[in-house]
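> No sequence on hand, only this structure:
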């Protein structure tokens, strides 16, 4: 059945805003949207990295505008909103990708309140601020898609990062509630929850910490770390017409770690154990 009253994203070049869109998962998201023919508005605090990503997109005949700055800064959010409104009219897709577990002390009882405030800005506050700034344009245009980046740590306990986990749980809760609120405006809101992404922020070598990479087949159902493109593909799907009936969900992109819930493949290759020292 064809619904003529539902706008198609395939009929024109979309404007896609990606925060933290220069490196890692964000960089892969920016490149993927641009490769699909969208105009990417990339916001990143690392201006040289943002320019490298823009140049790579341009070399591949894609379109990208860079807005350098810290997305937790109100002035940067205002500049983003002004640029989108003046140059594009509105954003068709917003990807709230910025997030960081740093700064972090391993023990909550010793962590300073200033740290909680910074983690709040990095992981939750900017999601509110950027969405609030770009949402009126989406509503006026009659539709759009928002994809937030949460984390699997929002759905399981993570010692040493309780505040980070709590704020990302807020991202997923915000995603659900905003999806209900914006359904009548034809704006879909979803999120992804990454785990074990091999990026500049969390390189595989750091996660392995000298351990044998062959152990990954025991630790992870998928048997490997995630590449940035693994996450970008899910984000672009959620923002596409193929996901037109999906809203309000956080999709784990984790190689099966949440599904495994502490179960490990035995090193012998025979069976499973929930006792890590037997893996």
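Nice, I can see it. Source: prediction; values computed, not measured. Numbering: from 1, shown residues only.

> Report whether the expected contact of residue 98 with residue 18 is present.
No. Taking contacts as CB atoms under 8 Å, residue 98 lies outside contact range of residue 18: 9.5 Å. Yep, even glycine has a C-beta here, placed from its N, CA and C like the rest.

> which one of those two has more residues nearby?
Ranked by neighbour count (other CB atoms under 10 Å), residue 98 and residue 18 place residue 18 first, with 34 against 23.

> Which of the helices or strands spans that one?
Under the criterion of DSSP states H and E, residue 18 resides in strand 15-19.

> And residue 114, by the same measure?
Going by DSSP H and E, residue 114 is part of helix 113-120.

> Give me the contact list for the helix or strand harbouring residue 131.
Under the criterion of DSSP H and E, residue 131 resides in helix 126-141. Applying CB atoms under 8 Å, 6 or more residues apart in numbering, the set of residues contacting helix 126-141 from outside is 17, 19, 71-72, 74, 77-78, 80-81, 84-85, 89-92, 94, 96, 98, 144, 146, 148, 171, 174, 178, 182, 185, 187.

> what do you get if the cut-off is 7 Å, keeping everything else the same?
17, 19, 71-72, 77, 80-81, 84-85, 89-91, 94, 96, 98, 144, 146, 148, 171, 174, 185, 187 (CB atoms under 7 Å, 6 or more residues apart in numbering).

> Which stretches in this structure count as strands?
15-19, 39-44, 63-68, 93-96, 144-149, 187-194, 250-253, 264-265, 272-273 (DSSP state E).

> Mean confidence (pLDDT) on the helix holding residue 131, please.
For helix 126-141, mean pLDDT rounds to 98.

> list the buried ones in it?
126, 127, 129, 130, 131, 133, 134, 135, 137, 138, 139, 141 (16 or more other CB atoms under 10 Å).
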